[in-house]
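Colleague: Quick one: sequence and predicted model below, then my questions.
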Amino acid sequence: MSYAQITGWGKCIPPASISNDEISNIVDTNDEWITTRTGIKSRRVSHVSTADLATVAAKQALACAGVDGKDIDLVLLATCTPSTMVANTASLVQKNIGAIGAAAMDTNAACSGFLYALQAATAQIRAGMIKKAVVIAAERMTWYINWARRDSAVLFGDGAGAVVLEASDTPSGLLATKTGCDSEDRDILHIENFGSDLNKYEPIGPSNLLFEGREIFKRAVKGMSEACDDVLNQAQLELDDIDVLVPHQANLRIIQAIQQRLKVADEKVMVNIADYGNTSAATIAIAICEAVEQGLIKPNSNIMSAAFGAGLTWAASYIKWGERVTPIAVSDAALPEYDKTGLELVAPAVAACKAAE
């Protein structure tokens with residue numbers, strides 16, 4: 001049987017950031033209010049497109065794996081903030097990384113997107129349809145933010161992460177997974193003023209990211225915990241067998257609730273929400289990269305990951321890491337330099353949002 005081993009990993013973090021103290025210049029809030037409710041201290045703001053973020057992350061992952069772009073069979077991009085709808089954004093990333101002739105596809109499951117995409121690419125490799133894939137999660141969530149509204153303005157950030165999958169005879173990679181969607185309650189988390197349902201000939205104004213926080217919290221904890229239980233049963237693992245928990249980085253309280261439900265010790269949980277906020281589909285991809293960099297993921301680690309997003313989509317995955325935790329090579333791919341601060345970067349959007357209120 002062929003498995004889909006993770007052989008490369010890479011990320012792209014925009015240089016411009018906005019701290020909690022700085023965001024208090026935009027909306028009525030402060031560091032204590034944000035930190036105690038979310039665990040977020042700062043978030044990144046991209047000065048480039050989603051495709052650019054995805055390209056850098058993919059090139060880093062390819063170099064890490066020692067794989068050339070031309071050898072890739074599939075470029076799969078998880079995003080709810082595509083640079084373009086038609087043509088899909090994955091096709092531009094495919095062009096940028098030199099994956100000539102590879103299949104290119106976007107997928108949107110919001111915050112669950114990376115685990116959905118990982119499942120799809122793994123299935124193709126295990127079925128023998130392809131040999132190598134690069135799975136990317138890239139988001140420019142700040143593009144959606146209505147900067148006049150505190151509840152969403154403080155939560156989201158931009159970034160990208162990627163992994164390379166290769167067919168292998170060694171049992172590794174994504175070995176068990178559970179995905180689903182609770183569509184009856186999809187309205188408790190959604191973005192207004194966006195999509196082809198709108199009358200494009202009428203003034204649209206800023207997009208509004210709307211959510212019912214308490215309901216989302218309850219459903220996120222329940223959905224992710226139950227999905228993790230299902231995955232553990234599939235893989236015939238006990239809770240003590242899990243070496244690392246890499247949850248979606250939406251809210252520190254949700255992460256802690258999942259951790260408690262699964263009885264995972266603090267030192268086994270990857271948490272980086274303080275630095276980046278919620279980067280939607282990209283959170284788990286970035287967190288996996290940093291868990292390897294920080295030595296949390298070791299050779300042959302058993303990794304549990306879970307996510308919950310708009311839709312309401314949910315997912316949990318058991319990933320068996322391979323032997324290698326060091327890159328074969330390091331790419332020099334990087335974002336173009338930018339000398340403006342995060343506040344300067346969003347200033348025009350802030351002014352437009354407040355004028356529309």
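Modeller: Right, received. Where do you want to start?

Colleague: those helices in the stretch 151-300 of the chain, which residues are they?
Modeller: With DSSP state H, counting those that start in this stretch as the criterion, the stretch 151-300 of the chain has helices at 213-235, 252-262, 273-276, 282-293.

Colleague: any idea what sits nearest residue 356, other than its immediate chain neighbours?
Modeller: Among residues not flanking residue 356 along the chain, residue 205 sits closest, at 4.7 Å (C-beta to C-beta, 6 or more residues apart in numbering). C-beta: built from backbone N, CA, C; applies to glycine.

Colleague: Out of the helices of the stretch 151-300 of the chain, which is the most enclosed?
Modeller: Of all those, helix 282-293 carries the top mean neighbour count, a mean of 27, counting by mean count of other C-beta atoms under 10 Å.

Colleague: still on that earlier bit, worst mean pLDDT among the helices of the stretch 151-300 of the chain?
Modeller: Comparing mean pLDDT over those, the weakest stretch is helix 213-235, at a mean of 87.

Colleague: contacts for stretch 271-280?
Modeller: 13, 38-44, 79-81, 110-111, 113, 137, 139, 141, 154-159, 249-252, 255, 283, 286-287, 290, 309 (C-beta atoms under 8 Å, 6 or more residues apart in numbering).

Colleague: These in strands, which ones?
Modeller: Among the contacts of stretch 271-280, the members found in strands (DSSP state E) are 42, 43, 44, 137, 139, 158, 159, 309.

Colleague: Present the residues you listed as CSV; the columns should include pLDDT.
Modeller: Conversion of these to CSV gives the following (pLDDT from 0 to 100):
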residue, pLDDT
42, 98
43, 97
44, 98
137, 98
139, 98
158, 98
159, 98
309, 90
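
Colleague: Can you tell me which of the residues you listed is closest to residue 130?
Modeller: residue 137 (18.9 Å; C-beta to C-beta).

Colleague: Give me the below-cutoff pLDDT ranges for the stretch 251-357 of the chain.
Modeller: Regions of the stretch 251-357 of the chain meeting the criterion pLDDT under 70 are absent.

Colleague: how about 80 then?
Modeller: Residues of the stretch 251-357 of the chain that meet the criterion pLDDT under 80 lie in 357.

Colleague: how near is the spatially most central residue of the chain to residue 86?
Modeller: Nearest to the mean C-alpha position of the chain, by C-alpha atoms, centre = their mean, lies residue 282 at 1.7 Å. To residue 86, residue 282 is 22 Å away according to C-beta to C-beta, to the nearest Å.

Colleague: hang on, the residue nearest to residue 356 packs against residue 198?
Modeller: No: Residue 205 is beyond contact range of residue 198, at 10.6 Å (criterion: C-beta atoms under 8 Å).

Colleague: Those two: which has the busier surroundings?
Modeller: More crowded of residue 205 and residue 198, by other C-beta atoms under 10 Å: residue 205, with 14 against 11.

Colleague: Run a quick neighbour tally on the closest residue to residue 66 other than its chain neighbours.
Modeller: Setting aside the residues directly before and after it, residue 66 is nearest to residue 328 in space (C-beta to C-beta, 6+ apart), at 3.6 Å. Neighbour count for residue 328, taken as other C-beta under 10 Å: 13.

Colleague: try the one 3 residues further on
Modeller: Look at residue 331: counted by other C-beta under 10 Å, it has 18 neighbours.

Colleague: Also the one 10 residues further on?
Modeller: Counted by other C-beta under 10 Å, the residues lying close to residue 341 total 15.

Colleague: Can you tell me how far it is from residue 354?
Modeller: Residue 341 sits 19 Å away from residue 354, going by C-beta to C-beta.

Colleague: cool, residue 156 as well?
Modeller: 18 Å.

Colleague: The two: who's more crowded?
Modeller: residue 156 (25 against 14).

Colleague: for the more buried one, what are its contacts?
Modeller: Contacts of residue 156 by C-beta under 8 Å, 6+ apart are 43, 141, 142, 144, 145, 209, 277, 278, 279, 280.

Colleague: hang on, the fifth one in a helix?
Modeller: No: when DSSP: H, G, I helix; E, B strand; the rest coil is applied, residue 145 is found to be coil, with no helix at that position.

Colleague: So for it, what's the pLDDT?
Modeller: Residue 145 is given a pLDDT of 91.

Colleague: That one reaches residue 152, doesn't it?
Modeller: Yes: if you go by C-beta under 8 Å, residue 145 and residue 152 touch, sitting 5.9 Å apart.

Colleague: Overlap of the contact sets of these two?
Modeller: Counting by C-beta under 8 Å, 6+ apart, the contacts common to residue 145 and residue 152 are residue 209.
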